[in-house]
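Undergrad: sequence below, structure please.
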Amino acid sequence: MVRGGEAGMLHRVEGIVIRCMDYGENNKIVTLLTKTGGKAGVLIRGAKKVKSRHSSLAQPFTYGEFQFFRSTGLGTLNHGEIIASHHGLRMQLDLSAYASYAAELTDRALQEEEASSFLFEQLLACYTALQEGKDPAIVLHLYEMRILDLAGYAPQLEQCLHCGNVMGSFKLSPGSGGVLCSRCEGRDPYGIPLGEGVHKLLRLFKGMDMRRLGAITVKESTKAELKRCMRALMDAQLGLQLKSRNFLDQLDKLV
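TA: Below you'll find the model as predicted:
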């Protein structure tokens, strides 16, 4: 916060646009994931006008510096500068779908005033990885794991949830939030058999910072298994109905 006035306090934040909606004839309201203060809603006047100097700041996935006045509730943009437009993510339908899913997941999983500079860095790294051409499915599954972790639902993958066994084959028990060994797998009739490759990937993802993701190549069969596991975990632990995920599924069917 910089100074006060009749319009409220002037805030200056770094933020990523995770949601935007039209407001009135010429304006837009954006939801920012800020670096230091959680989510913030900001009204950008005239953003729908072609010649508006602020229209680019109202684009999805834009990373910028935003200055806005706010007393309570919604802020009103005073000035802004783009740091990274992530233009490439809006130009390709598949990348746009993946980036939208990451944005909606972040928006829905994060409480209004919940601040996390780590989550901000993870989303930024997610968009950077997508734009650099890294496998979008792998990028998103890693980001999902970060969301589960930050929400307090990181799965137990190192040992059997029930007996602590670390040897042999395992099944994933999404509802219990972890793995069961062959002796205990009967405790969850809906358990998903885990291939060694997928189990290794899940363990790797659990501790990995998005910023450390290098070039990674995963077989299609392993990716399909990984998707099934991550979907089951997300549904059982967070239970969010996301429009963007439905669209991703439609897209997958076309490929």
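Undergrad: the closest residue in space to residue 234 that isn't next to it in sequence: which element?
TA: Using Cβ to Cβ, 6 or more residues apart in numbering and skipping the chain neighbours, the partner closest in space to residue 234 is residue 144 (5.8 Å). C-beta coordinates here come from the backbone N, C-alpha and C atoms, glycine included. Using DSSP states H and E, residue 144 sits within helix 136-150.
Undergrad: with just CA atoms, put that helix into CSV.
TA: Only the C-alpha atoms of helix 136-150 are listed here, as CSV (Å, rounded to 0.1, in the frame of the first residue of the first chain):
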residue,chain,number,x,y,z
PRO,A,136,1.5,-29.5,-21.5
ALA,A,137,-0.1,-32.6,-19.9
ILE,A,138,3.0,-33.2,-17.7
VAL,A,139,3.2,-29.5,-16.8
LEU,A,140,-0.4,-29.5,-15.7
HIS,A,141,-0.2,-32.7,-13.7
LEU,A,142,2.9,-31.3,-11.8
TYR,A,143,0.9,-28.1,-11.2
GLU,A,144,-2.1,-30.1,-9.9
MET,A,145,0.3,-31.8,-7.4
ARG,A,146,1.4,-28.4,-6.2
ILE,A,147,-2.2,-27.3,-5.7
LEU,A,148,-3.0,-30.5,-3.8
ASP,A,149,0.1,-29.9,-1.6
LEU,A,150,-0.7,-26.3,-0.9
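Undergrad: residues in contact with it?
TA: 94-95, 98, 101-102, 105-106, 109, 116, 118-119, 122-123, 126, 129-130, 154-155, 202, 205-206, 208, 210, 213, 216, 218, 223, 226-227, 230, 233-234, 237-238 (Cβ atoms under 8 Å, 6 or more residues apart in numbering).
Undergrad: so which bits of stretch 33-44 are buried?
TA: Using 16 or more other Cβ atoms under 10 Å as the test for burial, stretch 33-44 gives 33-35, 37-44.
Undergrad: let me have the residues you listed in TSV, extended by pLDDT.
TA: Below are the buried residues of stretch 33-44 laid out as TSV (pLDDT from 0 to 100):
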residue	pLDDT
33	96
34	94
35	92
37	86
38	89
39	92
40	92
41	94
42	96
43	96
44	95
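Undergrad: just flag the most distant two among those.
TA: 35 and 43 (20.3 Å; Cβ to Cβ).
Undergrad: now residue 165: how far from residue 144?
TA: From residue 165 across to residue 144, the span is 26 Å (Cβ to Cβ, to the nearest Å).
Undergrad: neighbour-wise, which of the two wins?
TA: residue 144 (20 against 16; other Cβ atoms under 10 Å).
Undergrad: related to what we said a few turns ago, out of the buried residues of stretch 33-44, the closest to residue 59 would be?
TA: residue 44 (10.4 Å).
Undergrad: which residues does the closest one bridge with?
TA: residue 28 (DSSP bridges).
Undergrad: quick one: it from residue 38, how far?
TA: Going from residue 44 to residue 38 by Cβ to Cβ gives 19 Å.
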